[in-house]
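*Asks:* Give me a model of this one.
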Amino acid sequence: MWHERALLAPCTLILSYIIDIIPSNCLCLPALITLFQYTARSSTWDGAIRRMHRALLDNHIRGIKHNIPFLLNVLAHPDFVRGKFDLNFIENNPGLLDTVLV
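*Replies:* Numbering: from 1, shown residues only. Reported below is the predicted structural model:
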């Protein structure tokens with residue numbers, strides 16, 4: 001059964017992405033920020049990263065801002081792929097932020 005296999009997966013990767021619902025040029029309402037989460041499970045860390053990468057690429061968001069390009073940068077970073085990261089990962093790798101909210 002699928003839920004038993006999912007519970008046995010030793011590598012789980014959870015990423016959140018942000019969507020700005022109301023355009024910034026709208027002066028009547030504050031921007032509504034919505035948070036979505038994806039969970040990718042696999043028997044290996046590399047497998048979890050591949051599944052998360054695929055899930056983010058399969059998400060087609062048009063006309064509103066989001067941070068998926070940033071998350072793709074994180075997933076592609078060599079230190080992240082090797083599992084060599086800590087709470088200061090983004091601060092120590094400012095190049096990850098060199099993406100524009102799409």
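*Asks:* Name the residues of the helix or strand hosting residue 51 that are buried.
*Replies:* Secondary structure from DSSP states H and E places residue 51 in helix 45-58. By neighbour count on 16 or more other CB atoms under 10 Å, the buried set for helix 45-58 is 45, 48-49, 51-53, 56. All C-beta spots, glycine's among them, are computed from the backbone N, C-alpha and C.
*Asks:* ok, now stretch 58-67?
*Replies:* 65-67.
*Asks:* Now stretch 64-81: average pLDDT?
*Replies:* For stretch 64-81, mean pLDDT is 87.
*Asks:* Can you list the buried residues in that stretch?
*Replies:* Per 16+ other CB under 10 Å, stretch 64-81 contains these buried residues: 65-68, 70-75, 77, 80.
*Asks:* And the strands in the chain?
*Replies:* Here the chain has its strands, by DSSP state E, at 11-20, 33-42, 65-66.
*Asks:* Which neighbouring elements make contact with the last one?
*Replies:* Under the contact criterion of 3 or more CB pairs under 8 Å, 6 or more residues apart in numbering; DSSP states H and E, the helices and strands touching strand 65-66 comprise strand 11-20.
*Asks:* Quick check: the gap between residue 56 and residue 92.
*Replies:* 22 Å (CB to CB, to the nearest Å).
*Asks:* Pick the most buried one from the strands of the chain.
*Replies:* For those, the largest average neighbour count (mean count of other CB atoms under 10 Å) is found in strand 65-66, namely a mean of 18.
*Asks:* shaky segments in the protein?
*Replies:* Across the chain, the ranges flagged by pLDDT under 70 are 1-10, 17-33, 99-102.
*Asks:* how does it look with 80?
*Replies:* Scanning the chain with the threshold set as pLDDT under 80 gives 1-36, 60-66, 99-102.
*Asks:* and residue 39, what does it touch?
*Replies:* Neighbouring residues of residue 39 by CB atoms under 8 Å, 6 or more residues apart in numbering: 12-14.
*Asks:* And the residues you listed, which is closest to residue 96?
*Replies:* Ranked by distance to residue 96 (CB to CB), the contacts of residue 39 are led by residue 13 at 16.1 Å.
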